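Enquirer: compute the structure for the input listed below.
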Amino acid sequence: PNKLAWQMDLTRKDIRRCEAYYKLHNFLISETENGTISRQETVSMIPPLVLDVQSHHKVLDMCAAPGSKTAQLLELLHANDEPIPSGYVIANDVDNKRCYMLVHQAKRLNSPCVAVINHDSAILPNLQATLPDGSRQQVQFDRILCDVPCSGDGTLRKNPDIWLKWTAA
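Expert: Numbers count the residues shown, from 1 in each chain. So this is what the prediction gives:
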């Protein structure tokens, strides 16, 4: 919607075989690292869009790593002309190593409106905000995204050779 995304139907073989595609691929990687663009599966873009995040929203991303949806939430938060939105994203993941990837993803966007926490979402404690007068208040979120760990079917679709190694557990 609103030209927020573009899709290219190229395989890895296509990219390797054509120098122009290879250069485009390298350009996209560079721009991703710079925070200019984000790359992710089309289906993964739907949940953040459905949330209709506005610049004043307090958003909790409960199972956030590796951070593509968190990046999208931040981009939506920064979508208008405000220099710094009043809202923010709290990005949580239970896995410490995956939180590292999450921090890397958030840093590339250079937003002051994100905090990464490492906690089990099933028992996430109430979060407290310190008000200007020094008092504390429980944070009430306007939007919550909980995209729990999946079956890996996207990996199976993108990498059909993996079926050769698959066995029933």
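
Enquirer: let me see the ranges of the helices in the protein.
Expert: Ranges of helices in the chain, per DSSP state H, are 12-17, 19-34, 42-51, 68-77, 96-107, 153-158.

Enquirer: put together TSV for those helices, with mean neighbour count and mean pLDDT on each row.
Expert: (Each C-beta comes from the backbone N, C-alpha and C, glycine too.) Shown next, in TSV, are those (neighbours: other CB atoms under 10 Å; pLDDT from 0 to 100):
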stretch	mean neighbour count	mean pLDDT
helix 12-17	12	86
helix 19-34	12	88
helix 42-51	14	89
helix 68-77	25	93
helix 96-107	17	91
helix 153-158	11	67
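
Enquirer: make CSV out of those and add distance to residue 130.
Expert: Formatted as CSV, those follow (distance: least, CB to CB, whole Å):
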stretch, distance to residue 130
helix 12-17, 49
helix 19-34, 33
helix 42-51, 26
helix 68-77, 21
helix 96-107, 22
helix 153-158, 40
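
Enquirer: please identify which of those is closest to residue 140.
Expert: helix 42-51 (15.5 Å; CB to CB).

Enquirer: other SSEs contacting that closest one?
Expert: helix 68-77, strand 143-145 (3 or more CB pairs under 8 Å, 6 or more residues apart in numbering; DSSP states H and E).

Enquirer: closest to residue 128 out of the ones you listed?
Expert: strand 143-145 (17.1 Å).

Enquirer: average pLDDT across that closest one?
Expert: For strand 143-145, mean pLDDT rounds to 98.

Enquirer: begin at 795 from now on, thanks
Expert: Renumbered: residue one is now 795, and that last one reads strand 937-939.

Enquirer: surely residue 914 meets residue 887?
Expert: No - between residue 914 and residue 887 there is no contact under CB atoms under 8 Å: 9.6 Å.

Enquirer: the more surrounded of the two?
Expert: More crowded of residue 914 and residue 887, by other CB atoms under 10 Å: residue 887, with 26 against 11.

Enquirer: I figured the more buried one was touching residue 894, is that so?
Expert: No - judged on CB under 8 Å, residue 887 makes no contact with residue 894 at a distance of 9.7 Å.
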